[in-house]
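> with the sequence up front, the predicted model follows.
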Amino acid sequence: MTSQTASVLPAPAPTVATRWTLSTHDIDAYASGQNGWHLACDMLSGGSFAGFLDHVQLPGLRLVRETTNRALRQHGEMNPDCCGFALTCRQDGEARFSGQRLDTESVMVGRCDELDLCSPPGFELTGIVVDNALLQSLTERLNDRAPPAWLERRVVLHFDDPTMQSLRGTLRGAFSALDAMPGLLDDPVATVQLRDDVLLAWLNALPEDVDLRELRSTEAHRRVVRRACELMMSRPDEPLSMLQVCSRIGASQRKLNYCFQETLGLSPARYLRALRLNGVRRALKRPESRSVQDIAAHWGFWHLSQFATDYRRQFGELPSQTLRGAALTRH
């Protein structure tokens, strides 16, 4: 633990603290391994996937550490009754959180009813997810007021280097303490102490006010992307052209491309292709999966030789290998 100060909150009723880790080459197992959250992951860059999760559930707070080797989009719901605080320790390219650019000198903060995170290859994240009730109680005890209203949004904040180093050190210290002394999780007093040390470090770093004016245009771009994705995926077996998509959502091709690049870091065509390939992979792994040709056709891939080449480039194996591997796993 990073401090020997007494807990700022009374100890809760006895709660079992737990830790779980997962190392996997299956992107869907990576998504489902984030217990209690409802996330989907789509791989956006080519090659075999490798991911690692390390989550620690303390009373009212979850410590999170995650590493992935390929570009991903993680999206879905975490917990609407929680607030998240996270930073990157490593990223080999641009990342985006709710359409906002993220680098190693910035942090992700905000409500957890929705997650939309686009990460590059070689990405490492660490942070916390806090119950809103705990956050409000602690903030009121410390500052005699409720948490700042901007925490109801999802924002990227830029901190100076000493603050970033301090936050990284606090999170690293928490995981190191648990690595060295796993028995801490069996001690209710120690887990509350650890929880409060980490949460106080974040609360002390947060500004009282945040300029949210740029969020208006960011959210407008995300709405365009959301509408376009819904339209493009409504009939995967009959992919629309970009001109058709533009016509139906009332945006120029230039605007559509700009919104996708700003929100996801990809062109609409590249993103749609990645989504369809990910859809094929999930279908191949289902127990009731059909032939490779039928599944490819359902997702709009009619030229099988080109499809097989694209699939191998995306996932590091042929679709027939995915199908055989899924059958072997079930048996």
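Yep, it's here.

> looking at this structure, which helix or strand does the model trust least?
helix 319-330 (a mean of 80; mean pLDDT, DSSP states H and E).

> in PDB, list the C-alpha atoms belonging to that one.
What follows is helix 319-330 as a C-alpha-only set of coordinates in PDB (Å, rounded to 0.1, in the frame of the first residue of the first chain):
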ATOM      1  CA  PRO A 319     -11.300 -19.100 -41.900                       C
ATOM      2  CA  SER A 320     -11.200 -22.900 -42.200                       C
ATOM      3  CA  GLN A 321      -8.700 -23.000 -39.300                       C
ATOM      4  CA  THR A 322     -11.000 -20.900 -37.200                       C
ATOM      5  CA  LEU A 323     -13.900 -23.300 -37.900                       C
ATOM      6  CA  ARG A 324     -11.800 -26.400 -37.100                       C
ATOM      7  CA  GLY A 325     -10.400 -24.800 -34.000                       C
ATOM      8  CA  ALA A 326     -13.800 -23.900 -32.700                       C
ATOM      9  CA  ALA A 327     -15.000 -27.500 -33.300                       C
ATOM     10  CA  LEU A 328     -12.000 -28.900 -31.400                       C
ATOM     11  CA  THR A 329     -12.600 -26.600 -28.500                       C
ATOM     12  CA  ARG A 330     -16.200 -27.700 -28.200                       C
END
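
> output the contacting helices and strands for it.
Judged by 3 or more CB pairs under 8 Å, 6 or more residues apart in numbering; DSSP states H and E, helix 319-330 is in contact with helix 268-285, helix 292-298, helix 304-315. Every C-beta, even on glycine, is put in place using the N, C-alpha and C of the backbone.

> can you give me the buried ones in the second one?
For helix 292-298, the buried set under the neighbour-count rule, 16 or more other CB atoms under 10 Å, comprises 292, 295-296.

> and stretch 115-133, end to end?
In stretch 115-133, first residue to last residue: 20 Å (CA to CA, to the nearest Å).

> er, stretch 208-219 I mean
Note: stretch 208-219 ends 22 Å apart using CA to CA.

> list the buried residues for it?
Buried-residue list, stretch 208-219, by 16+ other CB under 10 Å: 210, 215, 218.

> check contacts around the second one.
It stands for residue 215. Residues in contact with residue 215, defined by CB atoms under 8 Å, 6 or more residues apart in numbering, are 153, 155.

> ok, now how distant is it from residue 156?
10 Å (CB to CB, to the nearest Å).

> where exactly do the helices run in the stretch 1-150 of the chain?
Secondary structure of the stretch 1-150 of the chain by DSSP state H, counting those that start in this stretch: the helices cover 27-32, 132-143.

> tell me the mean pLDDT over the last one?
Spelled out, it's helix 132-143. Averaging pLDDT along helix 132-143 gives 89.
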